[in-house]
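> Predicted model and sequence follow; I will ask about them next.
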Amino acid sequence: MAKFSLDDVDDEGGVAKRRKTQRGGGGETSNPPSQREIKGGEASNPPQKETGGGGGEIGVTIDPDLLDCSICFYPLCPPVNQCENGHVACPSCWSKLQHKCHICNLQVQCRNIALEKVLEAAHLPCTYANLGCRKSVSYSQRQVHTDTCEFGPSSCPIPGCAQKAFSGEWLGHFLKDHRFPCSHFIYGQSCTIRFNQGDPYFTLFGPDKELFLLVNEPVLNIGNALALYCIDLAHLCQNDFSYELMVDTDSGSNTSSVQLKSQVVSIKEWKRGEVRGSFLLVPLGFSLSGEMKVHVLINKKLDVIPLD
């Protein structure tokens with residue numbers, strides 16, 4: 001059986017490192033690209049550095065480029081196949097090359113079980129650990145997690161806007177590009193806004209730079225569904241905010257209202273026609289003028305500091 005060649009992979013890893021530098025984004029962190037600490041499980045060699053706790057883990061230093069596909073430069077994932085000379089690549093790249101090695105042109109013929117075990121045992125912090133993600137993922141699943149991590153960059157929730165940004169950057173974007181219609185508010189104090197039935201959303205800016213979106217979804221032949229979402233709050237818990245909505249009627253002398261109390265739903269994407277969580281249904285004809293007078297009250301859960 002052919003053996004896995006570390007020399008060959010090291011040469012390929014150097015190429016991968018240069019390509020990854022040129023590609024940019026998608027996985028680089030503040031750690032040096034040449035070496036990172038990867039936690040592993042069992043090892044056949046004596047451990048060089050104990051991590052303590054008696055859990056059987058050891059700390060090792062390895063060039064992560066050795067664990068990347070030498071063709072597309074993304075992390076390898078099982079099954080890892082190799083040619084007769086031990087050159088490896090991901091299944092997708094082997095398929096595109098009709099299972100012939102891109103280095104020596106030999107046929108790909110067997111799996112590298114040892115490398116697969118290394119990929120499953122090696123764990124790294126999330127690429128966005130510096131932004132608050134505390135998850136540790138296996139190296140083979142790192143790209144999958146990076147693409148879906150809530151701390152990663154997201155698209156603007158406003159339909160038709162192509163802006164992408166990280167957490168903490170959306171407030172400036174909304175102040176520049178989606179400021180109107182908008183209003184500022186204070187937690188625990190009700191504010192009244194005028195909301196046209198045809199307006200898709202209303203932006204609310206909090207005193208602590210939080211950003212909220214009051215969306216208006218028309219329901220055919222029924223009315224309008226109002227819901228409040230918070231934007232750019234990946235670091236906060238889902239139940240950190242609650243809100244109350246009340247809409248008064250302007251149909252004649254009889255005064256009536258519809259009300260809702262609910263928890264604020266945090267979103268990174270908003271699609272027209274979809275409502276997440278609870279919503280306030282304003283029936284057709286409730287506002288004869290076509291303008292809804294909406295009373296909004298948003299509460300923020302205070303951090304409780306335990307007494308000594």
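Sure, I can see it.
> Can you pull the phi/psi pair for Y139?
phi -60, psi -40 (degrees, to the nearest 10).
> just D147 next, same as before
Main-chain torsions, D147, degrees, to the nearest 10: phi -70, psi -20.
> Assign K261 to one of the three secondary structure states.
When classified by DSSP: H, G, I helix; E, B strand; the rest coil, K261 comes out as strand.
> residues in contact with the nearest residue to it once chain neighbours are set aside?
The spatial neighbour of K261 that comes closest, neighbours along the chain excluded (CB to CB, 6 or more residues apart in numbering), is E244 at 5.0 Å. No exception for glycine: its C-beta is placed from N, CA and C like everyone else's. Contacts were defined as CB atoms under 8 Å, 6 or more residues apart in numbering; by that measure E244 touches S190, Q259, L260, K261, H295, V296, L297.
> What confidence value was assigned to E244?
If you check E244, the pLDDT there is 96.
> What of P64?
Confidence for P64, expressed as pLDDT, is 73.
> Got the phi and psi for it?
The phi and psi torsions at P64 (degrees, to the nearest 10) take the values phi -60, psi -20.
> any idea how far it is from V282?
From P64 over to V282 the distance is 54 Å, taken as CB to CB, to the nearest Å.
> Next: I298.
Relative to V282, I298 is positioned 19 Å away (CB to CB).
> Which residue ranges make up each domain of the chain?
Per automatic domain parsing, the domain ranges recorded for the chain read 6-44+58-124, 154-300.
> wait, is L119 part of a helix?
Yes: with three-state DSSP as the criterion, L119 is located in a helix.
> Check whether the nearest residue to it once chain neighbours are set aside sits in a helix, strand or coil.
Nearest in space to L119, with sequence neighbours left out and distances taken as CB to CB, 6+ apart, is S140 at 4.2 Å. For S140, the reduced secondary structure class is helix; criterion used: three-state DSSP.
> Looks like S140 contacts E120 (just checking).
Yes: checked against CB atoms under 8 Å, the pair S140 and E120 is within contact range at 6.5 Å.
> Can you pull the residues that touch both of the two?
For the pair S140 and E120, residues contacting each of them under the criterion CB under 8 Å, 6+ apart are P78.
> Of the two, which one has the most company?
For S140 and E120, the more surrounded residue by other CB atoms under 10 Å is S140, and the numbers stand at 19 against 16.
> Pull the distance from stretch 132-140 to the chain's centre.
In terms of CA atoms, centre = their mean, to the nearest Å, the centre of stretch 132-140 is found 12 Å from the chain centre.
> should've said stretch 154-166
Put simply, stretch 154-166 sits 13 Å off its chain's centre (CA atoms, centre = their mean).
> With stretch 256-276 instead?
Per CA atoms, centre = their mean, the centroid offset for stretch 256-276 relative to its chain is 20 Å.
> Check which residues of that stretch are buried.
Within stretch 256-276, the residues scored as buried using 16 or more other CB atoms under 10 Å are V258, L260, S262, V264, V265, S266, I267, K268, W270, V275.
> so what's the third one closest to, chain neighbours aside?
Read it as S262. Counting by CB to CB, 6+ apart, the residue nearest S262 is S278, at 3.8 Å.
> beta partners for V258?
When assigned by DSSP bridges, V258 has beta-bridge partners V247.
> ends of stretch 273-288, how far apart?
The stretch stretch 273-288 measures 23 Å between its terminal residues, going by CA to CA, to the nearest Å.
> Tell me where the chain has helices.
Counting by DSSP state H, the segments of the chain that form helices are 6-23, 91-96, 113-121, 142-148, 170-177.
> what's in contact with the last one?
By CB under 8 Å, 6+ apart, the surrounding residues in contact with helix 170-177 are C156, C161, Q163, A165, C182, T203, F205, K209, L211, I231, D232.
> what distance separates that helix from the centre of its chain?
On CA atoms, centre = their mean, the centre of helix 170-177 falls 19 Å from the chain's centre.
> what's the average pLDDT for it?
Rounded to a whole number, the mean pLDDT of helix 170-177 is 88.
> If anything else comes up later, I'll come back, but that's it for now.
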